[in-house]
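# Okay, predicted coordinates and the sequence, questions at the end:
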Amino acid sequence: MLIIHGEDQIASRKFFLDYKAQNTGDILEAEGITVSEFKSRMESVSLFGDMPYIYLEGLFARRPSNDKKEIIEYLRTSNPERLVIWEAKDVTVQLKDFSPQIIKNFSLPKYASVFWSNPTLENLHKALAVIDIEPLFYGLMTVAHRTKNKDWINSLLEIEYKQKTSAVPYDLIAALEFWLIINV
């Protein structure tokens, strides 16, 4: 069993999809699956040899229910070999009873958080040393939305539009540097 999660959703999702590409199997949505359906899928035997992997998305983020509780208990006791779980966020708190060897946590680099809380040119360049520009930019958009800063939202949306339509002769890094000089 492998549990993939963390704040860096882009990196964790890429790892999950790469893993899935190397190991064929079925994707299940955790929302709505019952204990009996889940156990049936996990305990089924193939007539043709190799057992396919089961890829389960969103189990720990699922709303509390008896089925969720029983499925997690089943996972703790049986530790199925060909199960890969992907979570879109950090669920470390819910994984305390699982072995660290089966958990792959994708946390965001420290400098990204520093940049989002204090966007300056210096912090941008430190963050770019450890994270790509796209997640850094979209994280800044998230900060703008959370703080309801309409000026930031409008100017960042304009940058995004111009980048996607090639309306400017420079890349996203240069656009964000200009934005920091003008707006911060």
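On my side now, so go ahead.

# Work out for me the element Lys104 sits within.
Element membership for Lys104, per DSSP states H and E: strand 103-105.

# Given that strand, what are its sheet partners and their directions?
Take DSSP bridges as the rule and strand 103-105 pairs in its sheet with strand 2-5 (parallel).

# export the strand it pairs with as PDB, just CAs?
These are the backbone C-alpha positions of strand 2-5, laid out as PDB (Å, rounded to 0.1, in the frame of the first residue of the first chain):
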ATOM      1  CA  LEU A   2       1.100   3.500  -0.800                       C
ATOM      2  CA  ILE A   3      -0.500   6.700   0.500                       C
ATOM      3  CA  ILE A   4       0.400   9.900  -1.500                       C
ATOM      4  CA  HIS A   5      -0.600  13.300  -0.100                       C
END
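
# Give me the buried positions along that strand.
By 16 or more other CB atoms under 10 Å, the buried positions in strand 2-5 come out as Leu2, Ile3, Ile4, His5. Using the backbone N, CA and C atoms, a C-beta is placed for each residue, glycine as well.

# rewinding a little: so how far is the strand holding Lys104 from its chain's centroid?
Centroid separation for strand 103-105 versus its chain: 11 Å, with CA atoms, centre = their mean, to the nearest Å.

# export the very next helix or strand once past that strand as CSV, just CAs?
On the C-terminal side of strand 103-105, the closest following helix or strand by DSSP H and E is helix 110-117. Provided in CSV are the C-alpha atoms of helix 110-117 (Å, rounded to 0.1, in the frame of the first residue of the first chain):
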residue,chain,number,x,y,z
LYS,A,110,9.6,26.7,2.9
TYR,A,111,10.5,29.5,0.6
ALA,A,112,7.2,29.2,-1.3
SER,A,113,5.3,30.0,1.9
VAL,A,114,7.6,32.8,2.8
PHE,A,115,7.0,34.3,-0.7
TRP,A,116,3.2,34.0,-0.4
SER,A,117,3.2,35.7,3.0
